[in-house]
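Peer 1: sequence? don't have it. structure:
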């Protein structure tokens, strides 16, 4: 009878939940710990344990290179790195990583990490789909998996191409392999919200109301304290000590309005104001919702999204000017709606907080069949919470205007109209649409407050202010009516006389300082071109761009000239000729002389142009000293109706309008 050979004690594996798996061996009924499973040291201790047992046969140890870690070891190393990266605190990122690693261990625990390639990556993705993870969550988890592989490359645990091989796998498409889509989370209904608040204690009810009024996150509310609040102004400013985007060097400022201040004030004398955590507040809400017999909701589900604001104008120069004025905001918060971008991406932009566009962009667009379809219809009617209409007396308030349909489509939003020239005409009644002005700021107040510069009106009369054709005159082009008396308003619109323009420009150039920046308003774009050429003939400067034209027909080149003209540090171009492009809404910060080479028959046009021409020069700080030029603006206007302006005080009002009947949205600003 043969004697059976002694059985070799098995190299065993002890699985661990939050740390690397351990190896052990049982010799003579005694359990010996060997260290991390799969490591070289664990196999050495395993061999030593067998040598201590004389009945055990010799064992040949497997060759394990330190530079070839298993997936378990890589996951353990990366988890330690992730925990220390966030200061040792348990964060949601670490929680998601553990969920990913639990799934990886089921299939690839003992495999070498260097062998994890595109096929293994796609199999893991299928496991995620089988686990009923949504496509969005799978995308995030796959990103974490790639970062773990990249960490292995960084620490020289994996070859340099390990992550690049995974990048070759395309993203998971909608519906692919039956992947689940994340349903859109809607805000909790107001009825459920109010029912739950009634079941909360007074302090927790105030906390939920503060979340609604300020839009702050629950974690930010729980750490609020008096020392973090600036109470200097009417609106308090709360700067949380820690917040979600702090690791990106982002600042976080939460405005607290009067209603929120009233709720918060009784708790400011406590330290901390609210002795609860985000989780304890969530549990309180869950219990209150259960007592109120409404579906459970979290504080993060409360309707606290940031309001979306639309700035709407009728000219690109006004929209661009407003966009540049908001440059202090984060870049991802501002969106310039441009037709070229819409055409390129095939959709309107929706990811932002403050949007800028013009009526014309919203009116262009095509549907799937190629038919004309306005772009604004791609937004839901309640997409915007607040709409600012610049120069609202044009287009938007016109009953027959196609642009009026945009305002009516976005009727759920609060609409605010801005204008310095409200119109009272049958089909363009700003007052009838927006109501009476809610705020008026006069030209006189602007001058007294230092925002505008005082101006003078100088009247010029010539012997060519009227004209009747005679047989001695030569007609260069077109036809003239015999015996017709052409008045001032007909010049440069119906009839043009080059000698007349030459004489007026010569007189104008003799009376001004040709080194001072000047804006010349003309009758139309062709007239502006003529005046530009005459000024360049009579100028004392030798620069070819001394006088340029900026009108709608000049396109990008005109925009470039305008930006250069607005730069206080540059002296060329010195004179701009224009027609209607710069008459309203455009800031000309350095204009010293404004010349009106066309008749002004409307106080509307006159009052719109004057504030643009009378903005003071910006201040400059040199060697600690502030220098400011308060030079008077010299307005040189035509004879006729314009002569009345020099005899009375002009009190142009920058007026704000709103449509109270359209104000049905709420603001979470306190």
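Peer 2: The structure has been received and is ready for your questions. Everything numeric here is computed off the predicted structure, so don't read it as measured data.
Peer 1: any low-confidence regions in the stretch 1-150 of the chain?
Peer 2: In the predicted model of the stretch 1-150 of the chain, residues 1-8, 17-19, 50-67, 86-90 satisfy pLDDT under 70.
Peer 1: residues contacting residue 122?
Peer 2: By Cβ atoms under 8 Å, 6 or more residues apart in numbering, the residues touching residue 122 are residue 169. C-beta coordinates here come from the backbone N, C-alpha and C atoms, glycine included.
Peer 1: okay, and it sits in which element?
Peer 2: According to DSSP states H and E, residue 122 maps onto helix 118-130.
Peer 1: so which bits of that helix are buried?
Peer 2: Buried residues in helix 118-130, counted by 16 or more other Cβ atoms under 10 Å: 120, 121, 124, 125, 128, 129.
Peer 1: stretch 249-264 now?
Peer 2: 252, 254, 256, 257, 260, 261, 263, 264.
Peer 1: which pair in those residues has the greatest spatial separation?
Peer 2: Greatest spatial distance among the buried residues of stretch 249-264 (Cβ to Cβ): 252 and 263, at 20.3 Å.
Peer 1: residue 134 pairs with what?
Peer 2: For residue 134, the beta-bridge partners under DSSP bridges are residue 180.
Peer 1: that one contacts residue 174, correct?
Peer 2: No. Counting by Cβ atoms under 8 Å, residue 174 is not a contact partner of residue 134; they are 11.2 Å apart.
Peer 1: common neighbours of the two, please.
Peer 2: Common contacts of residue 134 and residue 174 (Cβ under 8 Å, 6+ apart): residue 181.
Peer 1: so for these two, which sits in the more crowded spot?
Peer 2: Neighbours were counted for residue 134 and for residue 174 using other Cβ atoms under 10 Å; residue 134 has more, 15 against 7.
Peer 1: could you break this structure into its assigned domains?
Peer 2: What automatic domain parsing lists as the domains of the chain is 71-178, 190-301, 309-435, 455-653.
Peer 1: least reliable of those going by mean pLDDT?
Peer 2: Here the domains of the chain differ in mean pLDDT, and the lowest is domain 455-653 at a mean of 62.
Peer 1: quick one: the helices in the stretch 251-400 of the chain?
Peer 2: Using DSSP state H, counting those that start in this stretch, the helices of the stretch 251-400 of the chain run over 258-264, 278-292, 316-325, 339-345, 359-363.
Peer 1: ok, which of those comes nearest residue 463?
Peer 2: helix 316-325 (37.7 Å).
Peer 1: tell me what the closest one is packed against?
Peer 2: Helix 316-325 sits against strand 309-313, strand 334-336, strand 354-358, helix 555-566, with contacts defined as 3 or more Cβ pairs under 8 Å, 6 or more residues apart in numbering; DSSP states H and E.
Peer 1: pull the distance from it to the chain's centre.
Peer 2: The chain centroid and the centroid of helix 316-325 are separated by 14 Å, computed with Cα atoms, centre = their mean, to the nearest Å.
Peer 1: kindly report the same for stretch 217-234.
Peer 2: On the basis of Cα atoms, centre = their mean, stretch 217-234 sits 24 Å off its chain's mean C-alpha point.
Peer 1: stretch 318-334 too?
Peer 2: 8 Å.
Peer 1: who's in contact with that stretch?
Peer 2: 250, 311, 313, 336, 351-354, 356-358, 390-391, 559, 585-587.
Peer 1: neighbours around residue 337, how many?
Peer 2: 23.
Peer 1: find the nearest non-adjacent residue to it, please.
Peer 2: Leaving aside its sequence neighbours, residue 337 sits nearest to residue 357 (Cβ to Cβ, 6 or more residues apart in numbering; 3.6 Å).
Peer 1: mind listing what the one you found touches?
Peer 2: Here residue 357 is in contact with 310, 311, 312, 313, 319, 336, 337, 338 (Cβ under 8 Å, 6+ apart).
Peer 1: can I get those in JSON lines with distance to residue 294?
Peer 2: Below are the contacts of residue 357 laid out as JSON lines (distance: Cβ to Cβ, whole Å):
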{"residue": "310", "distance to residue 294": "34"}
{"residue": "311", "distance to residue 294": "39"}
{"residue": "312", "distance to residue 294": "39"}
{"residue": "313", "distance to residue 294": "44"}
{"residue": "319", "distance to residue 294": "44"}
{"residue": "336", "distance to residue 294": "42"}
{"residue": "337", "distance to residue 294": "39"}
{"residue": "338", "distance to residue 294": "44"}
